[in-house]
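J.: what would the 3D arrangement of this be:
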Amino acid sequence: AAYQALGDKKGAVVAMEPKTGKILAMVSKPDFDPNTVEENWNSLSSDTNSVLLNRATQGQYAPGSTFKVVTLLEFMRENPDYSSYSYNCTGSIENSGIKIHCYNGHVHGQVNLQDSLAYSCNTSFSNIGLSLDPSKFKKTAEEVLFDSKLPSDLPYSKSSFTLDGSAGNGTKMMTAMGQGETQVSPYHMALITSAIANGGKLMKPYLVDKITNYAGTTVKKYMPESYKELMTSSEAAQLTEYMKAVVDYGTGAALSGASYTVAGKTGTAEVSEDGNTVHSWFVGFSNVDNPELAISVCVEDADTATITGVSVAKQVFDSY
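T.: Here you go, the predicted structure:
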């Protein structure tokens, strides 16, 4: 389902069980036939589309608004009274000569924290970014495995979060809404999402259920094991609540009304100077009260009218 949903787009999908760490799907496109690598090596290794790159684990992308979940976690940690947050969105915010707009210049009006995430309000998150302590923000990013080693049996690229005390206000605003210098893989976003779904605890991801011999006797069986607590269970529960709003009435509403519930976050990362090239993201999990499937999708150079992170995720959830 993940493979077909990506169509002819470049990108990646990772789907896993939050409770166990089982990787149920990992798709990277464009793809190749592993049976014919040897004879096609020259064309594959020089291909301008980086066919041999596993975009799921090695791709490095601006996370776009999916990163707002991490920003939110930091804001909650710095502000115990976070539930009283309120901001008036006029469609743009300007600070230190840098102006940031909400998507399509949308004016969201008065928003609380939940609305800010649901509507993916860039100006509210820029406002939040200006209030955060960069060194604490960096520590939280590291706790959710930025600039850290990831549990993975496959080659992967480390994600990077570069915000520090010397950052100017423009950088703070951009970083808080998932633009700027932050880089992440779809696999890493799947791990963060999985931890939120599993009450803050990340299970060690694994790819193989068991190994059998020629007679079918099990030689080795892999069992779920805990990897690390990325956040407290109450933080995970609060983020889940906010991510439900994204699907209930926000930017992920295309997923509402299904036979299953979803909590998630959409993202649109601008990757060209003119803003015309965007990567479309979705991270989330299904059956919110007892999460079964966590997913992370990144569609490169998305045409937001056809194949998007949400549309790919929907097909995978439906199939599951």
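J.: from now on I want contacts and neighbour counts done on CA atoms only, so please keep to that.
T.: OK.
J.: quick one: contacts for the closest residue to residue 86 other than its chain neighbours?
T.: Here the nearest residue to residue 86 in space, its sequence neighbours aside, is residue 112; by Cα to Cα, 6 or more residues apart in numbering that works out to 4.6 Å. If a contact means Cα atoms under 8 Å, 6 or more residues apart in numbering, then residue 112 has 83-87 as its contacts.
J.: over to residue 296?
T.: Neighbouring residues of residue 296 by Cα under 8 Å, 6+ apart: 13-15, 186-187, 189-190, 193, 281-284, 313.
J.: circling back to that earlier point, filter the contacts of residue 112 down to just the buried residues.
T.: Buried members of those, scored by 16 or more other Cα atoms under 10 Å, are residue 87.
J.: in JSON lines: the contacts of residue 112, plus pLDDT and secondary structure.
T.: As requested, the contacts of residue 112 are exported to JSON lines (pLDDT from 0 to 100; DSSP: H, G, I helix; E, B strand; the rest coil):
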{"residue": "83", "pLDDT": "95", "secondary structure": "helix"}
{"residue": "84", "pLDDT": "97", "secondary structure": "helix"}
{"residue": "85", "pLDDT": "97", "secondary structure": "coil"}
{"residue": "86", "pLDDT": "97", "secondary structure": "coil"}
{"residue": "87", "pLDDT": "97", "secondary structure": "strand"}
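J.: can you check the distance spanned by stretch 282-301, start to finish?
T.: Across stretch 282-301, the straight-line distance between its terminal residues is 14 Å, by Cα to Cα, to the nearest Å.
J.: buried sites along it?
T.: Judged by neighbour count (16+ other Cα under 10 Å), stretch 282-301 contains these buried residues: 282-288, 291-301.
J.: likewise for stretch 194-208?
T.: 194-207.
J.: so which of those residues are in helices?
T.: 194-197 (DSSP state H).
J.: ok, so of the residues you listed, who is nearest residue 216?
T.: Each of these was scored against residue 216 by Cα to Cα, and residue 194 proved nearest at 32.0 Å.
J.: which helices and strands does the helix or strand that residue 279 is a member of pack with?
T.: Under the criterion DSSP states H and E, the helix or strand holding residue 279 is strand 278-286. Applying 3 or more Cα pairs under 8 Å, 6 or more residues apart in numbering; DSSP states H and E, we find strand 278-286 packed against helix 186-197, strand 262-270, strand 293-299, helix 309-319.
J.: pairing partners for it, with directions?
T.: strand 262-270 (antiparallel), strand 293-299 (antiparallel) (DSSP bridges).
J.: and the residue nearest to residue 244 when sequence neighbours are not counted, what pLDDT?
T.: Sequence neighbours aside, residue 263 is the residue nearest to residue 244 in space, at 4.1 Å (criterion: Cα to Cα, 6+ apart). The predicted structure scores residue 263 at 98 on the pLDDT scale.
J.: report how many residues lie close to residue 263.
T.: 28 (other Cα atoms under 10 Å).
J.: how about it, what does it touch?
T.: In this structure, residue 263 makes contact with 240-241, 243-247, 284-286, 288, judged by Cα under 8 Å, 6+ apart.
J.: need the pLDDT of residue 223.
T.: pLDDT, residue 223: 94.
J.: so what's the most centrally placed residue in the chain up against?
T.: In the chain, the C-alpha nearest the mean C-alpha coordinate belongs to residue 189, at 3.8 Å (Cα atoms, centre = their mean). Contacts of residue 189 were listed using Cα under 8 Å, 6+ apart, and they are 283, 296.
J.: how does it look with 6 Å?
T.: If you count contacts by Cα atoms under 6 Å, 6 or more residues apart in numbering, residue 189 has none.
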